[in-house]
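Novice: sequence first, then the predicted structure:
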Amino acid sequence: MARGRPREFDVDEVLQAALTVFWGKGYEGATMADLREATGLQPGSIYAAFGSKAGLFKQVVDRYVATSFSYGAHSLEADSVREVVRRWLTGATESSTGEATPAGCLLVQGALVTGDAAREVGQDLCDRRKAAQVMLTERFAQAQESGDLPSDVEPRDAARYVVALAEGIVVEAASGAGRDTLLSLVDLTMRRLPWEA
């Protein structure tokens, strides 16, 4: 059986380079010329390795979720609802204002797609954001069972609240707001959460 030619590039390096392009320009804004320049790969090599621009983007998003968005899973490990919220919002702030990364959030900015691209990648990004909300909802439901979240607060609503704040933070970051400014918003939020007496 004939074997294909071995890859002559480092997949991790290519994904990181493509991540920077997609994060900064969004899915539609990132052209094959941009990706070629960033990765050093010709379009044919990109298609051979990843199947399509959408295939490359999916692997880039997997990498983003495992690295830059890892604050989500880390937040859920906190001992209290307050600490979950603080970690989530602080993580969103720090991830979206990194010195070595584009401003904003790939899951939010990448989803701003239309036409065929919306069907290819938009739904996946929407599903990933919903999955984050589900994780928070489940964590808040556990907190309610332990008495850490009041019984009259719907865990799903509390999760939506936190996700909406985080998405607002990353949009502000993409619009030029600095880390200190956004951390001050987190501090303001943490003075008293809506369900605290």
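Specialist: Received the coordinates, thanks. Numbers count the residues shown, from 1 in each chain.
Novice: identify the residues contacting the residue positioned nearest the centre of the chain.
Specialist: What sits nearest the mean C-alpha location of the chain, by CA atoms, centre = their mean, is L107, with 4.2 Å. L107 is in contact with 61, 64-65, 69, 125, 128-129, counting by CB atoms under 8 Å, 6 or more residues apart in numbering. Glycine gets a C-beta too; all of them are placed from N, C-alpha and C.
Novice: where does the protein dip in pLDDT?
Specialist: Scanning the chain with the threshold set as pLDDT under 70 gives 1-7, 111-118.
Novice: which ones are touching A132?
Specialist: By CB under 8 Å, 6+ apart, the neighbours of A132 are 69, 72, 163.
Novice: also L185?
Specialist: 169, 172.
Novice: now, which of the contacts of L107 sits nearest Q16?
Specialist: Y64 (10.1 Å; CB to CB).
Novice: and that closest one, what element?
Specialist: If you go by DSSP states H and E, Y64 is part of helix 53-66.
Novice: what residues of the helix ranked longest in the chain count as buried?
Specialist: Counting by DSSP state H, the longest helix found in the chain is helix 123-146. For helix 123-146, a neighbour-count test (16 or more other CB atoms under 10 Å) marks 124-125, 128-129, 132, 135-137, 139-140, 143-144 as buried.
Novice: of those, closest to P102?
Specialist: Among the buried residues of helix 123-146, and counting by CB to CB, the member closest to P102 is L125, at 15.9 Å.
Novice: report the buried residues of stretch 157-169.
Specialist: Across stretch 157-169, burial judged by 16+ other CB under 10 Å covers 158-159, 161-163, 165-167, 169.
Novice: how far out from the middle of the chain is the helix or strand hosting T93?
Specialist: Take DSSP H and E as the rule and T93 turns out to sit in helix 81-96. Here the centre of helix 81-96 is set off from its chain's centre by 13 Å, with CA atoms, centre = their mean, to the nearest Å.
Novice: next secondary structure after that helix?
Specialist: Where DSSP H and E defines the elements, the next helix or strand beyond helix 81-96 is helix 106-109.
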